[in-house]
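K.L.:
Predicted structure and sequence below. I'll ask about it afterward.
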Amino acid sequence: MTAFGIFAPAMEYAIDAFQRSVLFWDVMRQRGNQYREHMAEAVPHVLDYKAELVVDGGTLERPVH
């Protein structure tokens, strides 16, 4: 038997839960840092892509704005 005897599965579970909680809080810390960097920008843009005008609705016979 292992060093913990019948409590070995419980110890494995506790160790796994601890490791997962450390990883979770590390991800939360990184996300918080990203959020602060984003909010520190002068005008934070969420959508950043180039757009191309296909059809202007105001130039059609019946405006469709």
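P.N.:
Received, thanks.

K.L.:
Quick check: the spatially most central residue of the chain vs residue 53, distance?
P.N.:
Taking Cα atoms, centre = their mean, the centroid of the chain lies closest to residue 31, which sits 6.5 Å from it. Applying Cβ to Cβ, to the nearest Å, the value for residue 31 to residue 53 is 36 Å. Backbone N, C-alpha and C define where each C-beta goes, glycine included.

K.L.:
Please apply the same query to residue 34.
P.N.:
Residue 34 sits at a distance of 32 Å from residue 53 (criterion: Cβ to Cβ).

K.L.:
Where does pLDDT dip in the chain?
P.N.:
Scanning the chain with the threshold set as pLDDT under 70 gives 1, 44, 63-65.

K.L.:
where do the helices sit along the chain?
P.N.:
All helices of the chain, identified by DSSP state H, fall at 8-40.

K.L.:
number of nearby residues for residue 49?
P.N.:
By the criterion of other Cβ atoms under 10 Å, residue 49 has 5 neighbours.

K.L.:
One more: the one 4 residues further on?
P.N.:
Residue 53 is surrounded by 5 other residues when neighbours are defined as other Cβ under 10 Å.

K.L.:
Now do the phi/psi pair for it.
P.N.:
Backbone geometry at residue 53, expressed as degrees, to the nearest 10, gives phi -70, psi 120.
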